[in-house]
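# Below are the sequence and a predicted model for it; my questions follow.
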There are 4 protein chains.
Amino acid sequence: MGMNLGDEVRVTLFGESHGVAVGALLEGLPAGTPIDELRLISDLERRRPGRRLLSSRAELDLCEILSGVHEGKATGAPILLLVRNQDAKPRDYAFLPDHPRPGHADLPESVRTGGHADPRGGGSHSGRLTLGLVAAGALVREILIARRVDVVAHCAGIGGIKARYSQESQDSEACKLLNCNDMNAADEMLTLVHSLRKDGDTIGSTVEARIEGLELGLGEPWFDGIEPALARGLMAIPGARAVEFGRGADVVNMRGSEHNDAWGDGPKPIGDDADGALGGMATGAPLRILVHFKPPSSISIPQMTLHLPSGEMRELTIGGRHDPVLAPRAAPVVEAVCSLIIADLMTIRESST
Amino acid sequence: MGMNLGDEVRVTLFGESHGVAVGALLEGLPAGTPIDELRLISDLERRRPGRRLLSSRAELDLCEILSGVHEGKATGAPILLLVRNQDAKPRDYAFLPDHPRPGHADLPESVRTGGHADPRGGGSHSGRLTLGLVAAGALVREILIARRVDVVAHCAGIGGIKARYSQESQDSEACKLLNCNDMNAADEMLTLVHSLRKDGDTIGSTVEARIEGLELGLGEPWFDGIEPALARGLMAIPGARAVEFGRGADVVNMRGSEHNDAWGDGPKPIGDDADGALGGMATGAPLRILVHFKPPSSISIPQMTLHLPSGEMRELTIGGRHDPVLAPRAAPVVEAVCSLIIADLMTIRESST
Amino acid sequence: MGMNLGDEVRVTLFGESHGVAVGALLEGLPAGTPIDELRLISDLERRRPGRRLLSSRAELDLCEILSGVHEGKATGAPILLLVRNQDAKPRDYAFLPDHPRPGHADLPESVRTGGHADPRGGGSHSGRLTLGLVAAGALVREILIARRVDVVAHCAGIGGIKARYSQESQDSEACKLLNCNDMNAADEMLTLVHSLRKDGDTIGSTVEARIEGLELGLGEPWFDGIEPALARGLMAIPGARAVEFGRGADVVNMRGSEHNDAWGDGPKPIGDDADGALGGMATGAPLRILVHFKPPSSISIPQMTLHLPSGEMRELTIGGRHDPVLAPRAAPVVEAVCSLIIADLMTIRESST
Amino acid sequence: MGMNLGDEVRVTLFGESHGVAVGALLEGLPAGTPIDELRLISDLERRRPGRRLLSSRAELDLCEILSGVHEGKATGAPILLLVRNQDAKPRDYAFLPDHPRPGHADLPESVRTGGHADPRGGGSHSGRLTLGLVAAGALVREILIARRVDVVAHCAGIGGIKARYSQESQDSEACKLLNCNDMNAADEMLTLVHSLRKDGDTIGSTVEARIEGLELGLGEPWFDGIEPALARGLMAIPGARAVEFGRGADVVNMRGSEHNDAWGDGPKPIGDDADGALGGMATGAPLRILVHFKPPSSISIPQMTLHLPSGEMRELTIGGRHDPVLAPRAAPVVEAVCSLIIADLMTIRESST
């Protein structure tokens, strides 16, 4: 039904952007998993709106854990993660559903639900629901840590500006604001975002993720393999338009003799950019992922678009509080989605006797 | 467990490349759906090995329908599609599992299954299992036709050579051989493939698919949306490394004012390259998809790679019968995967009362 | 993972008996379904503890609807139903997990979760979680009403006292207190329950349900058929030990010539007690169901039972607030489970083209 | 979609009674599980028709294993089990769908599928599809054996004759013919069945199953617990009308003080008839199950029943080859269903870290 991710470790999102609450129900976190509330808070903080330059919506995003935890550990029962909306402004969306926004899902969702969707700010399609992913992702992170798996994601590109991930901590304000681990690029990006904001326009962007420590053979065959599972989860993040694994689209110009990674000691494939997954299973090499996001659809420049009751093209000016670019706030979401999917694959039964 | 695709209309693959048989169990094809055996035969023919230049494995790929059909129509019960292997040569794989092939899933699969996988020709990970996808895809096509949905895919790139899809029938031998709908490009591609074959090397490639006729609002929210569902299915095709929707990775360089497609009459988004899907739901515009495939891993050039029992790097020369490039035979597989997923979304319950 | 029921219309339970909250996440309620808050309140009232003679736990069971509803109707997105516990007394369970109660799941659950379960009052295994089933059942009832399906359940037996369901409204206090639709039997039952309560003992009981208005052919084959689906859901109600459909266990003594129901006008099977389901599908006749419940395991009579740390048999006296018999409060739960399962079967795709 | 049982270890049935073939696709059998072909043959032999007194249909039921097995062991990939029908007589069913049989699913299935079902001998609803359950059950038995779990089922009642299970091997011909482990009862049953056969009538019956060796704590909470999962699977066997666990329906007359089983050494509940499952989890005591079957609906006595095209009641005389009683051939099916469900529960992820 669309709002569930995972099989053994499964998250179900609920809530609406301008309704009472948003959150997630997390099932299958193994009994005994420690609950790290500080990580929950800090992960939510990384995606929180209200930072300078990004959406000015003022949400504290205080997350209650209402079930499934006893004495600081998971009981194995479903964990309810709930955040009440505090700065909802449903009146900003009075033009809906009559005057659907270009590039938004307003109109398809209205048609799909026979007009019964909650249209305010995208309702349950809103990027605000990624909060539940980040909350659930924070809790499953313990499973990954216990198996020495690390997932990191950062903003790797905005418009024409590319950033290179650097392991050294990046303490500049621009880096923190943009979730970008390249100090020089972050400064440039900030200037670009400033100017876009002044224009009332938005820009496309890229998140890069890197998963390290996956054991050789982790995964499943075919449709539940690592890449298919990640591709599904990542393409569900609002605004995602393309996803690449390993050497990505560049493989088209490569020959087999150049692309094949020989097996070496470990065993593990040899080479810096060796494939981290083959046939849906981990090779032992790091897995590199790129997710490309479109420019946010909410621009403050007036747009001519169909007004449904009149059947005429009319000018629409969108108010509300929106992001000029997606990757900075999407980076922790990409991290969470990767964490949830890897945790799910790790808890699938051992397939040998 | 990995070998199932779909929810209401679901296909489960089975079989091994060099075992007794391959095929698919297709569940959920609505009772009364006409079974078009000619399409089944012609779709299988498009992906069949044994064509000049591609794999020389001689398989007739005769597909038996063993259940779920009565008087030429689906009964609603599971449909078993079975093809017996006729040209299996398991002896070609005597070097496995001791000397795993670079770029193949041999080693991860062996580790995953505690050494119990069938290693011959990739076993159940082999591209030969895409036969079941194509067979099942041929049967679900009736559902799409009944709702005036068209899915076409062709080989859109090999190495640096790009092809443009042309609706006019392309009768050249090169076009048929490569499942490419651009006569000039196909000739060039053929020359390139010839020369690679002589070198014993392989090359990367791209399949482009186009889905037309999807009704506004078709789809599901979040993880079961059109793009997430397609991304999962397409990334499971052996060798896929990246998938793009709509304007794909190019969105990174676009501004919102440029990328947003205004709604116009229909209602439908205006513009030739307007987004075919938003938030997991169809907009009414055609949906364009690119899938990028790596160069096939089986090259006949000798490769130095780990020999497990000795712990030494040793030279491995791979025999067997393999494809120099994936896109030509992957095109009908991409078509089948898209058809299966769209058919599944179409049979999901109506979500309004 | 155990706490989900249904496929298209799916309920997931969460919460703990003596934790912060209990409730349900209801997915798949079709967009546009009216939300009847009065039914929600009255259904919860029927299963509420704190009635005279039954458990003295004082819970108001005020249920918040936190998502998935807009302007009084379902949006199609997940609906979060939340009740905060107000009269939890976790100190009553200090003897756990060391001294597990006979007849309770305390010990198996502790072993299953490696000691990480919440043991207080049964934790997430508690009958208190049936509250989520009743809340979700109240909301799906609209789907049944729209298709003229009626589900009723009542307390049909306590110990040796049997009750016959009567359609006429039963206004006696005993009837209301026991959810029993037979005035004479209810009075007798009440006397029996009084005396058991004095003894500190409990007694077994039976709920009878009747589903009317199912259309001929509703259902699925085999494992998702009406009877298998209901049997699964009903056997999950805490304390259920047997379930019977149609003529139930009495069929063992019948001959085919006597048991077969001829088809008559409608078409519909002829006869007052004709089978309401055949092969997992509805026949058009009413479907009769019996669910037999064991005596509640919590008795106030001291019991000798294993004390785990010492390895000795020791006397255990259980405090807390418990029911002397299950059927009265289980009747609305049986109704809810039947409603949820029938609603799920009704929203499964039409299986013919 | 109805024809799948299980989650991690999953069987999907396919085929039709008088079509080309029947069988099962078994997914999730762990890689490395030994395949015991002799057990496969002997289990199929126990349910095979053509025995004296039971259905005279002559089927050899030779079962091919077409995938998922390599060098005598499961590879972890789906296992296709296929049996071609050899004695199908579809002409025996020319009266369908116009003159549906009383007590059969002919009419509901025809309505459900819009007239597109295969009506011959019940099509995919036929008891013949239990062959796939028995074949798959034979293969999963290895998982149970490895964990010292034993499942046995026998015919425990026909009409008024009850049988007691005896562990000593019962070599009488009546015992073998009826899958009944009580020599005296079996002789009596045989006489009764003889006389029914002469009358052209049928009779109700009971299968008793006993599962021993389940480890304390095995299971899942709520709807995927041992009893709910078994109840679902067992109620899907054609003709099942009631299922009882532990002390079954007798609990209604018991007091808690009498019914509660104290925990003793092991730990394990004390007492010969102690409950084998509590709250969906095993206690360590044997689990006793009764399944009650209706008399088979196919009787050779003429029956007056609705003739659809004319709208009149007309006499119907059923030919074909049928069983006078279900329990003897259902006993190995009950064993298989229990084995499949227990194997599934055993391979579900460990729920503690």
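Okay, I see it.
# Tell me how far residue A:282 lies from residue B:105.
Counting by Cβ to Cβ, to the nearest Å, the gap from residue A:282 to residue B:105 is 11 Å. All C-beta atoms are positioned from the backbone trio N, CA, C, and that covers glycine.
# what's the answer for residue A:71, then?
43 Å.
# go on, residue A:226?
Relative to residue B:105, and taking Cβ to Cβ, residue A:226 is found at 11 Å.
# any common contacting residues for those two?
A:280, A:281 (Cβ atoms under 8 Å, 6 or more residues apart in numbering or on different chains).
# shaky segments in the stretch 1-150 of chain A?
A:1, A:49-54 (pLDDT under 70).
# now the strands for it?
For the stretch 1-150 of chain A, the strands defined by DSSP state E, counting those that start in this stretch cover A:4-5, A:10-15, A:21-27, A:64-65, A:69-70, A:73-74, A:79-84, A:150-158.
# Dump those strands into a markdown table; add distance to chain B and mean neighbour count as well.
Shown next, in a markdown table, are the strands of the stretch 1-150 of chain A (distance: least, Cβ to the nearest Cβ, whole Å; neighbours: other Cβ atoms under 10 Å in any protein chain shown):
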| stretch | distance to chain B | mean neighbour count |
| --- | --- | --- |
| strand A:4-5 | 5 | 23 |
| strand A:10-15 | 7 | 27 |
| strand A:21-27 | 12 | 27 |
| strand A:64-65 | 22 | 16 |
| strand A:69-70 | 25 | 23 |
| strand A:73-74 | 23 | 25 |
| strand A:79-84 | 16 | 24 |
| strand A:150-158 | 6 | 24 |
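# so what's residue A:108 up against?
Counted by Cβ under 8 Å, 6+ apart, residue A:108 has contacts B:216, B:217, B:219, B:278, B:279, B:281, B:282, B:283.
# right, is stretch A:88-106 up against chain C?
No - for stretch A:88-106, no contact with chain C is found by Cβ under 8 Å from any Cβ of the partner chain; the gap never falls below 10.1 Å.
# quick revisit: the more surrounded of residue A:71 and residue B:105?
residue B:105 (28 against 8; other Cβ atoms under 10 Å in any protein chain shown).
# What values do phi and psi take at the more buried one?
Phi and psi for residue B:105, reported as degrees, to the nearest 10, are phi -90, psi 10.
# That one and residue B:263, how far apart?
Counting by Cβ to Cβ - residue B:105 and residue B:263 are separated by 45 Å.
# Repeat that for residue A:258.
Counting by Cβ to Cβ, the gap from residue A:258 to residue B:263 is 46 Å.
# Looking only at neighbour counts, state which of those two leads.
Between residue A:258 and residue B:263, residue B:263 has the larger neighbour count (other Cβ under 10 Å), namely 30 against 13.
# is it true that that one touches residue A:105?
No - with contact defined as Cβ atoms under 8 Å, residue B:263 and residue A:105 do not form a contacting pair (11.8 Å).
# So which residues on the stretch 51-200 of chain A come close to chain C?
Residues of the stretch 51-200 of chain A lying close to chain C (Cβ under 8 Å from any Cβ) are A:66-68, A:70, A:73-80, A:82, A:112-118, A:123-124.
# pretty sure residue A:232 is in contact with residue B:231, am I right?
Yes - contact criterion Cβ under 8 Å: residue A:232 and residue B:231 qualify, at 5.6 Å.
# more neighbours, the two?
A count of neighbours by other Cβ under 10 Å puts residue B:231 above the other of residue A:232 and residue B:231, at 31 against 27.
# Now for the more buried one: which residues touch it?
Here residue B:231 is in contact with A:228, A:231, A:232, A:234, A:235, A:243, B:243, B:245 (Cβ under 8 Å, 6+ apart).
# Work out for me the element residue A:345 sits within.
In this structure, residue A:345 sits in helix A:327-347 according to DSSP states H and E.
# how about that helix against chain D, any contact?
Yes - using Cβ under 8 Å from any Cβ, helix A:327-347 reaches chain D at residue A:347.
# And stretch A:276-285, by the same measure?
No - on the criterion Cβ under 8 Å from any Cβ, stretch A:276-285 is out of touch with chain D, staying 12.1 Å away.
# Span of that stretch from start to end?
5 Å (Cα to Cα, to the nearest Å).
# hmm, back to that, generate a ChimeraX selection restricted to the buried subset of the contacts of residue B:231.
Remark: buried members of those, expressed as a ChimeraX selection using 16 or more other Cβ atoms under 10 Å in any protein chain shown:
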select /A:228,231,232,234,235,243 /B:243,245
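# coming back round to it: buried among the residues of the stretch 51-200 of chain A next to chain C? Need that as a selection in ChimeraX.
This is the ChimeraX syntax for the buried subset of these, where burial follows 16+ other Cβ under 10 Å:
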select /A:66,67,68,70,73,74,75,76,77,78,79,80,82,112,113,114,116,117,118,123,124
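# Okay, and which of the residues of the stretch 51-200 of chain A next to chain C map to helices?
Judged by DSSP state H, the subset of these located in helices is residue A:112.
# thought residue A:67 was touching residue A:82?
No - using Cβ under 8 Å, residue A:67 is not in contact with residue A:82; the gap is 9.8 Å.
# what sits against the residue lying closest to residue A:270 once chain neighbours are set aside?
Spatial nearest neighbour of residue A:270, chain neighbours left out: residue A:264 (4.0 Å); criterion: Cβ to Cβ, 6 or more residues apart in numbering or on different chains. Neighbouring residues of residue A:264 by Cβ under 8 Å, 6+ apart: A:270, B:305, B:306, B:313.
# how deep is the residue in the stretch 151-300 of chain A positioned nearest to chain D tucked in, by neighbour count?
Nearest residue of the stretch 151-300 of chain A to chain D: residue A:221, at 7.2 Å (Cβ to the nearest Cβ). Residue A:221 has 28 neighbours, counted by other Cβ under 10 Å.
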